[in-house]
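Engineer: below: sequence and its predicted model.
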Amino acid sequence: MTRHLLITGGAGFIAGNLVHHWAAAHPHDKLVVLDALTYAGNRATIEPLIANGAVHFVEGDIGNRALVDALLAEHAITHIAHLAAESHVDRSISGPGAFLSTNVNGTFTLLEAFRAHWLAAGSPAAWRFLHVSTDEVFGSLGPSDPPFCETTAYAPRSPYAASKAASDHLALAWQHTYGLPVLLSNCSNNYGPFHFPEKLIPLTLINILLGRPIPVYGDGSNVRDWLFVEDHCRALERILLSGELGRTYCIGGNNEVSNLDLVHQLCDLVDEQAPEQGMALPVSPSRKLIRFVADRPGHDRRYAIDASRIRDELGWEPQVTVAEGLRRTVAWYLANRSWWEPLLSAEYGTYLAGQYAGQLG
Ligand code: NAD
Ligand code: DAU
């Protein structure tokens, strides 16, 4: 069967990487991207694949039912990898409305449109809808708590996490009630190429290259479990192709690092790699740029994932160590200024000024 795969949010960070991965791994599949090109969407991420015809790009909102219906029918979509979302916790605190609109109502619209399309085709057994979610739906761990796993109770604590939790419940309810062929994944923090500048790792790298202060929330002791984005894409591929319907898969890097430790590593890597590229840094050593700023309200202390189910059932394990992944990420941001510089737009400047108001002096 030829797969006709719709990737939502394909101009964003993870879905953009997934588009590249899928086009290389499955060149005979038809690939369609639906993306609203919000501030976080960047067509340049997948432009070469649009230009060479490997991807058909549609600009539009997942919440637009008429548009989604037409797209599913026109491209005879058989599989969906749903990644379109509002994804930044800080923005969900200052403006939660867009998170409910896209993450909850948008997912609802997509599920309903796919259900109608699937029913009209006679409910084919091979079709799939992969709902891509986050470990943040499980809340926050204490220092010695066991990691999150598929049976951990949901306890979202930010508007972003609550909106993703709601969308997860919708996706699984559509599988349970209507038999829609839905799968779900909950992944830890990703990093790698094409990551929008507002998130901790690209923010740190870009600020070092521009000689700007690096904001660290609180005392920098919050812990995240980092996974190289290509490993996440490989996991999504396994789930979409071999996962069990109605089943959840937790994905993680087994790489718990405190924010301050991570920022230190990034500073040292840039200090090492920039001179090798003949690049003089505005401030050196880069650690001089670190500033402790007001903490994020409700800041989750620690995330960690037990990924044994996807390892045991689907044979997935991360292939990229954190040392290698961070080295590659730093190299990518040094080499791809033309990708990130245009993103430092007026909208982003206004966001930064509001987010770190007066704290970066
Ligand atoms: P991102 O913010 O980089 O990209 C989101 C993309 O969705 C953008 O291209 C944006 O234009 C598009 N989009 C937003 N609203 C839309 C709408 N209404 N209709 C169509 N397109 C819309 O996000 P990301 O960090 O790549 O995350 C992708 C998905 O993976 C999200 O569902 C997120 O919850 C999940 N996730 C992210 C991480 C992470 O570390 N970044 C980890 C686990 C899960
Ligand atoms: O865990 C998965 C989640 O990871 C995804 O669901 C989210 O979409 C993704 O954005 C990410 O959420 P985080 O809030 O963990 O990522 P962020 O890069 O915003 O922050 C990482 C950590 O760094 C977090 O503890 C907050 C801290 N931080 C962040 C920023 C932007 C700072 O210390 N300073 C900052 O300026």
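Structural biologist: All right, it came through fine. Ligands and ions are numbered 1, 2, ... in the order given.
Engineer: surely residue 102 is in contact with residue 87?
Structural biologist: No - applying Cβ atoms under 8 Å, one finds residue 102 not in contact with residue 87, separated by 9.5 Å. The way it works is simple: take the backbone N, C-alpha and C, and place the C-beta from them, glycine included.
Engineer: and for these two, which residues touch both?
Structural biologist: In terms of Cβ atoms under 8 Å, 6 or more residues apart in numbering, residue 102 and residue 87 are not both contacted by any residue.
Engineer: just for the chain, where's the confidence low?
Structural biologist: 361 (pLDDT under 70).
Engineer: any idea which helix or strand carries the residue located most distally from the centre of the chain?
Structural biologist: Farthest-out residue of the chain from its mean C-alpha position, per Cα atoms, centre = their mean: residue 122, at 32.7 Å. Assigned by DSSP states H and E, residue 122 belongs to no helix or strand.
Engineer: bridging residues for residue 216?
Structural biologist: residue 292 (DSSP bridges).
Engineer: give the contact list for it.
Structural biologist: With Cβ under 8 Å, 6+ apart, residue 216 has these contacts: 259-260, 263, 290-293.
Engineer: find the nearest non-adjacent residue to whatever residue of the chain ends up closest to ligand 2, please.
Structural biologist: Ligand 2 sits closest to residue 134 of the chain, with a gap of 3.1 Å, by Cβ to the nearest ligand atom. Excluding the flanking residues, the one nearest residue 134 by Cβ to Cβ, 6 or more residues apart in numbering is residue 164, at 5.3 Å.
Engineer: the one you found and residue 64, how far apart?
Structural biologist: Here the criterion is Cβ to Cβ, to the nearest Å. By it, residue 164 lies 21 Å from residue 64.
Engineer: look at the two and report which has more neighbours.
Structural biologist: Using other Cβ atoms under 10 Å as the criterion, residue 164 and residue 64 rank with residue 164 on top: 29 against 16.
Engineer: so which strand or helix has that one?
Structural biologist: helix 159-178.
Engineer: relative to helix 159-178, how tilted is the helix or strand just after that helix?
Structural biologist: Moving toward the C-terminus from helix 159-178, the next helix or strand (DSSP H and E) is strand 182-187. Here strand 182-187 runs at 160 degrees with respect to helix 159-178, directions being taken by axes from the mean of the first three to the mean of the last three Cα atoms, to 10 degrees.
Engineer: cool, thanks, signing off.
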